[in-house]
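S.K.: Got a predicted structure plus its sequence, pasted below:
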Amino acid sequence: MNTSDNQSNSGGEPPIVRFANVTKRYGELTVLDSLDLDVSRNETISIIGPSGSGKTTVLRMLMTLEEIDDGIIYVDGTPLTHMDKGGKLVRADSRHLREMRSNIGMVFQHFNLFPHMTAMDNCMEAPVQVLGLKKEEAQARAIELLQMVGLEDKMHQKPATLSGGQQQRVAIARALAMRPKVMLFDEVTSALDPEVIGEVLNVIRQLANEHSLTMILVTHQMGFAREISDRVCFFYDGKIAEQGRPDEIFNSPKNSRTQQFLSAILETH
Amino acid sequence: MEHYLAFLHQYGPRFVDGTIVTIQQTVFASLVAIILAFCFGLMRLVPLRTAQITATIYIEFFRGTSLLVQLYWIFYVLPLFGITLDKFVAGFLSVGMCLGAYGAELVRGSIQSVPRGQYEAALALNMSPAKRMMRIIFPQALLIMLPAWGNLLIELLKGTALVSLISVTDLMFQAKQTNAVTFLSVQNFGTALIIYYLMARLVVAPGMRTFESFWARRMGRG
Amino acid sequence: MFEWKWEFTLEILPRLLQATLNTLMAAGSGYAIALILGLVFVLGQRTSSPILTGVIREIVEFIRSTPLVLQIFFLFYVGPQFGIVLPPWASGLIAIGLHYGSYLSEVYRAGLDGVPRGQWEACRALNLSASRTYFRIIIPQALPLSLPGMGNYLVGIFKDTPMLSVIGVMELMATANALGSETYRYLEPYTMVGFIFLAISLPSAFGLRRLEAWVKIKSGIEK
């Protein structure tokens, strides 16, 4: 069982994401250990912790990039990793996964933009191919999003001509083009040169402040996490060691591991 | 030198005829090889046991035996099972099937070389496996495999020389015929060698390089 | 397979196995020649004379771009035109040696290029002679990189030995042809030849992959 309060949501609204007793193993190694985690609608959560603590695995499992070993993940009340078959819960088939996946969007550490497509085409690709949008519609949506991330003047350029920060902003626009309910950010600034980190964080900040979007971030940017999060979760050894409001976690961490981690990280910044 | 020019004047037309047949054989064999390479290369990647095993059998069999043995088998043994092929067809089919096996490994390897992040991004955007392969993975895999395909096509061109052994009247066949008549081995086989060389170096290699740069530019790399 | 005659197969097996031995010896000898010629070709492209380098480069390209079977014919028939008479297997082996030597020169080149530049510079700084540099420092590092290619071409030579049948060398394919024309039965000889090739090349290819992995670990390229 995880410590202290599991959810800090307001009211009795069901969580938009729920990890119920989720376990993930890689061979002998247990990466996530009976994890319970609830995320409320429109909540912004930051997940911090040392490498190997399972942070990225949480995101990857939610995005169905990894399979679950034990437990169930729910998205907006419906099981993600399992499906209802005649009243019983069985492992989800690919069709169910595809249906559920449309609720989640992800931005990757290494951007993963499609190199053979322009920024605009990158953003249009999935709406056209997956959602069946007409080209004009998808284009309008892409332009709107690229404007929002400040890259409309680059929309006809291919990723190779863009800086890391610019590519990551296109990646954010691309994920948003699918209008997911939950956005996942997997260490999205870790692969960036310091001078372009700010422009990406600005976009994320804008998203958190101006849009109703549930956001889960795995990050090492402590200052940023503190600034925009509703809740911070500190992961250690596949479990949530401590979670709470940003000022609680950063100013007065209760768990000794949290304290160790924070002092080590903050020393080098 | 004048000897050689006289020789070319007299026997040149035969070599031209032979070259045309060689070109035909090469073109048809290439089509066979490309189709088989993509079919079986993709079959190796599909998460279906039977498909994978079939593809592996095809690839290992045609890579493990020599083209000449396959050629003879198709031309001399298949008729015993009721399948009699015209020698021209038997020729390019054998060459195509043999080199298609090497091509299949190339296709498979290239697709697996596309960075995993591309696959994950496409999955995250909820693209179906087919759309993912066709629009994202494959275009990038093609760029990776083109240089090696250039080499493969040259091997294919060289392989067609063997069809002369089942009496297809290609360049090699004409060279042998002319040699049997004139006994001027240097001129006969030398000319044939030069023609093959020119086809490989001045047609196939530059052609592939042009296609490579074209595709690289489309992929945003050039 | 309804016409397959097992007694016939057993009858012809001894001859086929003998031919297999010939084939293996031919392949081995051809490979040995190719190994040496390959070295000559690659070193010839690393001389200080641009003319020599260029000429050798063109020769290697020429050999690699033209069919082996044609080269075999060329060497077999050209000799007598100038009074040099070589037995068929000799011209065949020389042709194979030249052909695969040019392939191997590329493999060697890739291996040599794969050795970090700093190694050459260190040898220079330590004033090592050219032969010491090559034999004690560079080649031991280039070898693991080249081994996969070298192994592949050994299997390749073995599979190309049937081409020698066209100039009368009694290797496996030629023996099958002979059996076929003697007995008018082609099914069993040709199929057995196919099996024998598979029986030798598949385990070899597999063994080579294992060897490749082992060498990579041993030479410190991979843990």
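M.R.: Looks like it arrived, so ask away. Numbering: from 1, shown residues only, chains lettered A, B, ... in the order given.
S.K.: those helices in chain C, which residues are they?
M.R.: For chain C, applying DSSP state H gives helices covering C:6-44, C:50-65, C:68-81, C:88-114, C:117-125, C:130-132, C:139-160, C:172-183, C:187-218.
S.K.: do the same with chain B
M.R.: B:2-43, B:49-64, B:67-72, B:87-113, B:116-124, B:129-131, B:138-159, B:171-182, B:185-198, B:205-218.
S.K.: Need the winner for burial among those helices.
M.R.: Each of the helices of chain B was given a mean neighbour count from mean count of other C-beta atoms under 10 Å in any protein chain shown, and the largest, a mean of 24, is that of helix B:67-72. The C-beta positions use only the backbone N, C-alpha and C, and glycine is treated the same way.
S.K.: Run through who's touching it.
M.R.: For helix B:67-72, contacts defined as C-beta atoms under 8 Å, 6 or more residues apart in numbering or on different chains pick out B:62, B:90-91, B:94-95, B:97-98, B:159, B:162-163, B:165-166, C:160, C:162-163, C:165, C:173, C:176-177, C:190, C:193-194, C:197.
S.K.: For it, give the mean pLDDT please.
M.R.: Rounded to a whole number, the mean pLDDT of helix B:67-72 is 90.
S.K.: Check stretch A:17-36 too.
M.R.: Per-residue pLDDT over stretch A:17-36 has a mean of 92.
S.K.: Kindly report the same for stretch A:126-144.
M.R.: For stretch A:126-144, mean pLDDT is 94.
S.K.: Check what contacts that stretch and list those residues.
M.R.: Stretch A:126-144 is contacted from outside by A:102, A:120, A:123-124, A:152, A:155, A:173-174, A:177-178, B:125-128, B:131, B:135, using C-beta under 8 Å, 6+ apart.
S.K.: let's go with 6 Å and repeat that
M.R.: For stretch A:126-144, the external contacting residues (C-beta atoms under 6 Å, 6 or more residues apart in numbering or on different chains) are A:120, A:123-124, A:177-178, B:125-127, B:131.
S.K.: One more: stretch A:177-187?
M.R.: A:56, A:59, A:63, A:103-109, A:123, A:126-127, A:141, A:145, A:213-218.
S.K.: redo that, cut-off 7 Å
M.R.: For stretch A:177-187, the external contacting residues (C-beta atoms under 7 Å, 6 or more residues apart in numbering or on different chains) are A:16-17, A:56, A:59, A:62-63, A:76, A:102-109, A:123, A:126-127, A:141-142, A:145, A:175, A:204, A:213-220, B:125-126.
S.K.: Check these for burial and list the buried ones.
M.R.: Buried positions within the contacts of stretch A:177-187, assessed by neighbour count (16 or more other C-beta atoms under 10 Å in any protein chain shown), are A:16-17, A:56, A:59, A:62-63, A:76, A:102-109, A:123, A:126-127, A:141-142, A:145, A:175, A:204, A:213-219, B:125-126.
S.K.: follow-up on the earlier one: from the contacts of stretch A:126-144, which land in strands?
M.R.: Judged by DSSP state E, strands contain none of the contacts of stretch A:126-144.
S.K.: Pick out the most distant pair among those residues.
M.R.: In terms of C-beta to C-beta, these reach their longest pairwise distance at A:120 and B:126, which sit 19.4 Å apart.
S.K.: can you list the residues of the stretch 151-269 of chain A near chain B?
M.R.: On the criterion C-beta under 7 Å from any C-beta of the partner chain, chain B has as its neighbours in the stretch 151-269 of chain A the residues A:158-160, A:178.
S.K.: Mind putting those into CSV with neighbour count, distance to residue B:82 and secondary structure?
M.R.: Converted to CSV, these look like this (neighbours: other C-beta atoms under 10 Å in any protein chain shown; distance: C-beta to C-beta, whole Å; DSSP: H, G, I helix; E, B strand; the rest coil):
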residue, neighbour count, distance to residue B:82, secondary structure
A:158, 20, 55, coil
A:159, 21, 56, helix
A:160, 13, 56, helix
A:178, 20, 56, coil
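S.K.: So which of those is the closest to residue C:117?
M.R.: Relative to residue C:117, the closest of those is residue A:160; by C-beta to C-beta it sits at 27.5 Å.
S.K.: The closest one and residue A:167: what is the separation?
M.R.: Distance of residue A:160 to residue A:167, computed by C-beta to C-beta, to the nearest Å: 9 Å.
S.K.: Not counting residues beside it along the chain, what's closest to residue C:176?
M.R.: Nearest residue to residue C:176 in three dimensions, chain neighbours excluded: residue C:189, at 3.8 Å (C-beta to C-beta, 6 or more residues apart in numbering or on different chains).
S.K.: May I have the phi/psi pair for residue A:236?
M.R.: Recorded main-chain torsions at residue A:236 are phi -150, psi 130, according to degrees, to the nearest 10.
S.K.: That one pairs with what?
M.R.: Here residue A:236 shows beta-bridge partners residue A:239, assigned using DSSP bridges.
S.K.: give me every residue that touches it.
M.R.: Applying C-beta under 7 Å, 6+ apart to residue A:236 gives the contacts A:49-50, A:53, A:257.
S.K.: filter the residues you listed to the buried ones?
M.R.: Members of these that pass the buried threshold by neighbour count (16+ other C-beta under 10 Å) are listed as A:49, A:53, A:257.
S.K.: Please tell me how far the closest residue to the second one other than its chain neighbours sits from chain C.
M.R.: Same thing as residue A:53. Nearest residue to residue A:53 in three dimensions, chain neighbours excluded: residue A:235, at 4.1 Å (C-beta to C-beta, 6+ apart). Residue A:235 sits at a distance of 29 Å from chain C (criterion: C-beta to the nearest C-beta, to the nearest Å).
S.K.: State the number of residues packed around residue A:235.
M.R.: Here the count is done by other C-beta atoms under 10 Å in any protein chain shown, and residue A:235 has 28 residues near it.
S.K.: So which of the helices of chain C is nearest residue A:24?
M.R.: Checking these against residue A:24 by C-beta to C-beta gives helix C:187-218 as the closest, at 30.0 Å.
S.K.: In contact with the residue nearest to residue A:53, which residues?
M.R.: Neighbour list for residue A:235: A:47, A:49, A:53-55, A:241 [criterion: C-beta under 7 Å, 6+ apart].
S.K.: Dump those residues into a markdown table; add pLDDT as well.
M.R.: As requested, the contacts of residue A:235 are exported to a markdown table (pLDDT from 0 to 100):
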| residue | pLDDT |
| --- | --- |
| A:47 | 95 |
| A:49 | 91 |
| A:53 | 84 |
| A:54 | 87 |
| A:55 | 92 |
| A:241 | 89 |
